[in-house]
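In: model the structure of this input:
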Amino acid sequence: MNRHAVIFWLTLALGAYGIVDMVWKGSLGFLVSLLIPVLVFTVIFLLYKYLPGRRSGSPKIKPSARTMAKTANSRKQQTPSKRKVYPFHVIEGSKGKNEEEQPKYH
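Out: Numbers count the residues shown, from 1 in each chain. Next comes the predicted model:
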């Protein structure tokens, strides 16, 4: 197990121990304060799961063989070139150049 998993399970175990210890001691205020987040989580979960506007009753439409052939042909035509085309290019300067002063390899 990696370090994060150990930390996660250790935190979870300590939290469970704390909850069981509070319930065992019988603090009613703790139970009420624990009930509110549980109810909020339940409401959010039920809204997420059973939201009326999220369901799509229509089945997925499978494209025809003709449409698939067209898309395959368009993909084949777009073969990448061997060299990348850059929008930049070197503009030679207008200052006097002396060919003899330039190094042989540069």
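
In: chain center to the host helix or strand of A5: distance?
Out: A5 is part of helix 3-25, with elements assigned from DSSP states H and E. Centroid separation for helix 3-25 versus its chain: 30 Å, with Cα atoms, centre = their mean, to the nearest Å.

In: what is that helix packed up against?
Out: Under the contact definition 3 or more Cβ pairs under 8 Å, 6 or more residues apart in numbering; DSSP states H and E, helix 3-25 sits against helix 28-49. Placement of C-beta: from N, CA and C, glycine included.

In: now for the helix it packs on, which elements pack on it?
Out: If you count contacts as 3+ Cβ pairs under 8 Å, 6+ apart, helix 28-49 packs onto helix 3-25.

In: mean confidence score for the helix it packs on?
Out: Helix 3-25 carries an average pLDDT of 85.

In: who touches that helix?
Out: F30, L31, L34 (Cβ atoms under 8 Å, 6 or more residues apart in numbering).

In: so which of those residues is the most crowded?
Out: If you count neighbours using other Cβ atoms under 10 Å, the busiest of the contacts of helix 3-25 is F30, which has 15 neighbours.

In: list the contacts of that residue.
Out: Per Cβ under 8 Å, 6+ apart, neighbours of F30: M22, V23.

In: what's the distance between it and W24?
Out: 11 Å (Cβ to Cβ, to the nearest Å).

In: likewise for V38?
Out: In terms of Cβ to Cβ, V38 sits 19 Å off from W24.

In: mind checking what secondary structure Y86 has?
Out: Under DSSP: H, G, I helix; E, B strand; the rest coil, Y86 falls in the coil class.
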